[in-house]
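**Q** Any chance you can model this:
(one chain, ligands or ions: 1)
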Amino acid sequence: MVNVPEEEARVYAERTKLSRRLFEGNSKLTPFGVHSNYRFVDPYPLYVSRARGDRLWDVDGNEYLDFNMGFGVLMSGHAHPTLVSAMRDAIGEGTIYGFECEDTYTLGGILTKRFGLDMVRFSTTGLEATHHAVRIARAHTSRKKVLKFEGCYHGSHDTLLVSIKPTADKAGDPRRPNRVPASQGVPQEVVDNTLVAPFNDLEATERIVEENSGDLAAVILEPIPMNMGFVPPKKGFLEGLRKLCDKEGCVLIFDEVKTSGKFYSGAAGYFGVKPDLMVLGKAIAGGYPLSVVGGKREVMETIVPGKVSHAGTFNSNPLSVRAGVVTMSQILTEQAYSEAYRLGDELAAGYRDSLADRRINAYVEWIGLSGAVFFGGKRVENWRDFLKCDVGAWWTYYIAMLNRGVIPGGTGPDEQWTISVQHTEDSVKKHLEVLDQVLVKLRESKLTMDLVEAI
Ligand SMILES: Cc1ncc(COP(=O)(O)O)c(C=O)c1O
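**A** Residues are numbered from 1 along each chain as shown. As a prediction, this is how the structure comes out:
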């Protein structure tokens, strides 16, 4: 098991016997028993049987208050009654037509207005949408190279599967990071066209861009990296990148797969910086698979049948699109966000107070619905800071929280918590009560553990 105190490991094993049995009985069918590497936890993952509101239940019957929310997908919470009822009707009208339907334009209208986009194209996963965004940028500029930031994740596709969680021994100079493939099987020729810069370091980024001037098609980033916890951009960083891309004539892409649901108008709206292309995903269809690449008309019109490809059998499928319309117009409203924000602030303030009271060396970062705790005490501004965090302390906190019925956030110290519109004052209070018990345990243990490098 991950390196947690023996007592917590024993309680976890006791509570999750059926999960263990399912894993051991079926892991021959599927590598590591999971369909996404992110879901594997040593020695076996939890198996879930159902979820509703702000709770889910594992196969052993344990109830959890859920602040993972499907890795930040479910700002609408589990099985939102409005969505369930709408989708019951939608299923009866057919699941895929192979033709467009009117709902796609209803949703397109909602999203363009809300996120400040001229045009949109839908697909299914975040991976596809960032992949398409990069292709559009390359076709639009007739250039090959793409710059990403160390520690940012944009989906499991080759161009961007570089320097996601590089270990300190491979990462190189912090201001001129090595390009480290995050998986075997990514060809070196692909890595050669992916540049890597340190997040929140405008000067170092400018230097890398200048050195590649005339070759750069796009700069892509998570405006708040949420694959190294929760790392807000420094003042002026996003604005600086906007200017840099204008000067260089390349496409600025905000990967808002995670952030699009965390703010009413995404991070672009929150920070007031407009990218050329934006990728939306996760939350926008309330848990149904839907992603979007959208942005400025002149860039989006690069997509031309027979010339620049954007395709997918399940793109704009009627179920996901209907779910998107209902979620965006009836569930994730401005009013719902302001209530959930208040809970987010309460949760984060509770973390800060408890950590201070229990004299735990840790740092809390949050805006609105999401935040993260970094053990080790230093402020995390980029991947290299993240590498200095106490990952062992984080796992102890996580498993101990699970053992007491709270999933405190996404699975891994590089994840964050998510508040949904179905969380309540009571659920935040329970989270904080359990946190306080766990911090007492944490003071007693001094464990460390390395991050798994490959995704
Ligand atoms: C910022 C970001 N971009 C893209 C993706 C890929 O999305 P998907 O898993 O839907 O392919 C993720 C997934 O977690 C993500 O966090």
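**Q** And the spatially closest residue to residue 131 that is not a sequence neighbour, how far from the ligand?
**A** Distances taken as CB to CB, 6 or more residues apart in numbering place residue 157 nearest to residue 131, at 4.8 Å, with adjacent residues excluded. Where C-beta positions appear, they are placed from N, C-alpha and C, glycine not excepted. Using CB to the nearest ligand atom, to the nearest Å, one gets 8 Å for the distance from residue 157 to the ligand.
**Q** Can you give me every residue that contacts residue 157?
**A** Residue 157 makes contact with 127, 130-131 under the criterion CB atoms under 8 Å, 6 or more residues apart in numbering.
**Q** Most neighbours among the residues you listed, which one?
**A** Neighbour counts for the contacts of residue 157, by other CB atoms under 10 Å, peak at residue 130, which reaches 26 neighbours.
**Q** any idea which element that residue lies in?
**A** When secondary structure is defined using DSSP states H and E, the element that contains residue 130 is helix 126-141.
**Q** Touching the helix or strand following that helix from outside, list them.
**A** Next along the chain after helix 126-141, taking DSSP H and E as the criterion, comes strand 145-149. Residues outside strand 145-149 that contact it (CB under 8 Å, 6+ apart) are 134, 137-138, 154, 159-160, 162-163, 193-199, 205, 208-209, 212, 215-222, 225, 382.
**Q** In strands, which of those residues fall?
**A** For those, membership in strands holds for 194-197, 216-221, with DSSP state E as the criterion.
**Q** Now the residue nearest to residue 131, what are its backbone angles?
**A** The phi and psi values for residue 157, taken as degrees, to the nearest 10, are phi -130, psi 150.
**Q** how many other residues sit next to residue 305?
**A** Using other CB under 10 Å, residue 305 is surrounded by 8 other residues.
**Q** Residue 154 too?
**A** Counted with other CB under 10 Å, the burial measure for residue 154 works out to 28 neighbours.
**Q** same thing with residue 106?
**A** 16.
**Q** next one: residue 29
**A** Taking other CB under 10 Å as the criterion, the count of residues near residue 29 is 7.
**Q** How much space separates it from residue 222?
**A** Residue 29 sits 33 Å away from residue 222, going by CB to CB, to the nearest Å.
**Q** what's the answer for residue 294, then?
**A** According to CB to CB, residue 294 and residue 222 sit 16 Å apart.
**Q** can you narrow the contacts of strand 145-149 to ones near the ligand?
**A** Among these, the residues lying close to the ligand (CB under 6 Å from any ligand atom) are 154, 222.
**Q** measure residue 78 to the ligand for me?
**A** 18 Å.
**Q** show me the contacts for that residue.
**A** Residues in contact with residue 78, defined by CB under 8 Å, 6+ apart, are 51-56, 66, 69, 287, 420, 422.
**Q** Tell me the buried residues within these.
**A** Restricting the contacts of residue 78 to buried positions leaves 51, 53-56, 66, 69, 287, 420, 422, with burial counted as 16 or more other CB atoms under 10 Å.
**Q** Which of those residues fall within strands?
**A** Counting by DSSP E, the members of these that fall within strands are 51, 55-56, 66.
**Q** now these in JSON lines, with distance to residue 310 and pLDDT?
**A** Compiled in JSON lines, those are given as follows (distance: CB to CB, whole Å; pLDDT from 0 to 100):
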{"residue": "51", "distance to residue 310": "33", "pLDDT": "98"}
{"residue": "55", "distance to residue 310": "38", "pLDDT": "98"}
{"residue": "56", "distance to residue 310": "35", "pLDDT": "97"}
{"residue": "66", "distance to residue 310": "34", "pLDDT": "98"}
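**Q** tell me which of these is nearest to the ligand?
**A** The nearest member of those to the ligand, counting by CB to the nearest ligand atom, is residue 66 at 16.9 Å.
**Q** give me the beta-bridge partners of the closest one?
**A** For residue 66, the beta-bridge assignment (DSSP bridges) gives partners residue 407.
**Q** and the residue of the protein nearest the ligand?
**A** When CB to the nearest ligand atom is the measure, the chain has its nearest residue to the ligand at residue 126, with 2.2 Å between them.
**Q** I'd guessed that residue sits against residue 156; true?
**A** No. The pair residue 126 / residue 156 is not scored as a contact, 9.5 Å apart, by CB atoms under 8 Å.
**Q** Same drill for the two, tell me which one is more crowded.
**A** Just comparing residue 126 and residue 156: by other CB under 10 Å the higher neighbour count belongs to residue 126, 25 against 18.
**Q** is the ligand contacted by stretch 306-315?
**A** No. Against the ligand, stretch 306-315 shows no contacts by CB under 6 Å from any ligand atom, the least distance being 12.4 Å.
**Q** May I have that stretch exported as CSV, CA atoms only?
**A** Listed next in CSV are the C-alpha coordinates belonging to stretch 306-315 (Å, rounded to 0.1, in the frame of the first residue of the first chain):
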residue,chain,number,x,y,z
GLY,A,306,-11.1,18.4,-46.9
LYS,A,307,-8.3,20.7,-45.7
VAL,A,308,-8.1,20.9,-41.9
SER,A,309,-9.6,18.0,-40.1
HIS,A,310,-11.9,18.1,-37.1
ALA,A,311,-14.0,15.0,-36.8
GLY,A,312,-15.5,12.4,-34.4
THR,A,313,-18.4,9.9,-34.5
PHE,A,314,-19.7,11.0,-31.1
ASN,A,315,-19.1,14.8,-31.6
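**Q** Figure out how far that stretch is from the centre of its chain.
**A** 25 Å (CA atoms, centre = their mean, to the nearest Å).
**Q** Go through that stretch and flag the buried ones.
**A** Within stretch 306-315, the residues that qualify as buried by neighbour count (16+ other CB under 10 Å) are 310, 312, 314-315.
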